Every structure is written in C-alpha cells, then in structure tokens.
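# Provided below are the primary sequence and the corresponding predicted coordinates.
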Amino acid sequence: MNDSIASSLLPGLALALWLLAPAAGAQNIYKCPQAGGGVAYTDHPCADGKGQLLHQADDSEVIDRYLRLGQHDLARQYAHARHLDALYEERVAAYRQAQEDAEQRRYDEALAAQQREDAARRQAQLDQEAERNQLQVENDTLRQQNDQYREALSQPVDDYAPLYWGAPAPPYRHRPHDHDGDHGHRWTPPPPPTYQPCTQLAGGRVQC
C-alpha cells in the first residue's frame with residue numbers, strides 16, 4: 001500500500017472508529033483541517049470556522065448519553081427545556097430496559113458458571129469414589145491371596161522322607177523253602193527304611 005492510498009483511507013477509518021465509539025453517538029462530530037494537509041475529528045467546532053459538521057447529534061442521542069453517564073437530572077433538564085418530556089420518558093424506559101437486560105445477562109452468566117462449578121465438583125467426587133472402590137477391590141484381592149498363602153504354609157508337612165526316595169529300592173529277600181536244603185535258616189524281612197531330614201520351602205514345597 002503506497003502513501004497516497006494510505007492517506008486517502010486513514011480519514012475514513014478514523015471517521016468510522018469515531019462513529020462506532022459509544023460516546024460519539026451523542027456528540028456532534030466536526031472534521032477540521034490541520035496545518036500540513038492533515039485533518040482532525042473533534043466534537044467541538046473547528047477553531048477557524050472552516051471545519052465540516054459530519055454528524056449532528058439528535059435529541060435522543062443526547063438524552064441517552066446523559067442517562068448512560070448517570071446524569072439523569074441533566075437529561076431531564078435538557079428534555080424539559082426543549083419540550084421533549086415524552087421523548088425523555090421514552091428514553092428513560094429504554095434505558096431501564098437495557099439495564100434490566102444487562103442485569104439478567106449477568107445473572108444468567110453467574111448461574112451458568114455456578115452450575116459448571118457444581119458439575120465439576122460432582123464429577124470430582126465421583127472420580128474419587130471410583131478410585132476408592134478400585135483400591136478396595138485390589139486390597140481385598142491381595143488380602144485373599146495372602147490368606148491363601150498363609151493357609152498353604154500352615155498345612156502339616158512331613159519333616160522326614162525315606163532315603164530311597166528317588167533311588168532304587170533294596171532287593172527283596174525270598175523266604176527259603178524246606179526242600180531247598182537250607183536247614184536251620186528262616187526268612188528275615190528287609191531292614192526298615194532310613195529317613196533323612198527335609199527342608200520346607202515357600203509355597204508348601206519340600207526339598208529332601
């Protein structure tokens with residue numbers, strides 16, 4: 001964008017911003033030339049009297065501006081001096097309605113914020129309750145497993161086992177018969193098994 005285009009657009013942008021300003025609607029707007037070719041926008045007449053009136057504030061705008069500023073007495077005096085009592089009552093009613101609408105919006109926003117806060121608090125409570133229930137289930141499961149483990153350890157386990165566990169059994173002795181010619185010898189049973197101590201391991205296992 002070159003300087004000529006920018007210089008041609010700036011006055012229009014300044015005027016638009018001025019007209020959109022909340023307080024500008026109740027003011028006269030003058031376009032005043034400045035030294036060096038510039039312009040200025042003001043709510044007062046130009047000093048040299050060469051300015052241009054761009055916006056003429058009407059009575060409704062002036063009364064509304066007084067009401068917005070809280071200067072109700074000045075608004076009444078302005079209307080009464082110009083015999084605009086009916087217009088004043090109309091603008092006061094519109095102002096009060098706008099105030100009620102703004103108050104209702106603030107109330108609705110506060111209520112919605114409170115409802116969101118309450119919902120977030122309830123959700124947090126539900127999450128905490130679910131977490132406590134999960135921890136309780138896990139604790140109950142671990143407690144049950146520990147009880148089973150202690151019960152397994154409390155079962156009686158033989159401290160001794162035969163020596164020939166895992167080894168070949170001793171040979172069986174047959175009883176001799178009388179006709180074998182082995183006179184005076186009787187059959188004797190095998191010796192009793194020999195035991196060795198065993199070690200009890202975790203989980204109810206035994207090592208011998």
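Cool, the structure landed.
# Please count neighbours and contacts with C-alpha atoms only from this point.
OK.
# All the strands of the chain, in order from the start?
Applying DSSP state E to the chain gives strands spanning 29-33, 39-42, 52-55, 160-162, 195-197, 199-200, 206-207.
# Worst mean pLDDT among those strands?
When these are compared by mean pLDDT, strand 160-162 comes last with a mean of 50.
# Okay, now stretch 51-66: how far is its last residue from its first?
Across its full length, stretch 51-66 reaches 26 Å end to end, with C-alpha to C-alpha, to the nearest Å as the criterion.
# Which parts of it count as buried, going by neighbours?
G51, L53, H55, D59, S60, E61, V62, I63, D64, R65, Y66 (16 or more other C-alpha atoms under 10 Å).
# residue contacts, the residue nearest to the last one when sequence neighbours are not counted?
Read that as Y66. Leaving out its chain neighbours, the residue that sits closest to Y66 by C-alpha to C-alpha, 6 or more residues apart in numbering is A75, at 5.3 Å. Contacts for A75 were tallied using C-alpha atoms under 8 Å, 6 or more residues apart in numbering; they are V62, I63, D64, Y66, L67, Y88.
# Which segments of the chain make up each domain?
Domain segmentation of the chain under automatic domain parsing yields 9-57, 58-150.
# least reliable of those going by mean pLDDT?
domain 9-57 (a mean of 68).
# OK, contacts around L74?
Y66.
# now with 10 Å?
By C-alpha atoms under 10 Å, 6 or more residues apart in numbering, the residues touching L74 are V62, I63, Y66, L67, H80.
# can you put those in TSV and add distance to Q200?
Converted to TSV, the contacts of L74 look like this (distance: C-alpha to C-alpha, whole Å):
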residue	distance to Q200
V62	103
I63	102
Y66	99
L67	97
H80	111
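# just checking, what packs against the longest helix seen in the chain?
Secondary structure of the chain per DSSP state H: the longest helix is helix 85-154. Secondary-structure packing of helix 85-154 (3 or more C-alpha pairs under 10 Å, 6 or more residues apart in numbering; DSSP states H and E): helix 59-68, helix 72-81.
# Distance to Q134 added to those helices, as TSV?
TSV is the format used below for the helices and strands packed on helix 85-154 (distance: least, C-alpha to C-alpha, whole Å):
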stretch	distance to Q134
helix 59-68	59
helix 72-81	65
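# Go through those and name the closest to D140.
Judged by C-alpha to C-alpha, the one of the helices and strands packed on helix 85-154 that comes nearest to D140 is helix 59-68, at 68.3 Å.
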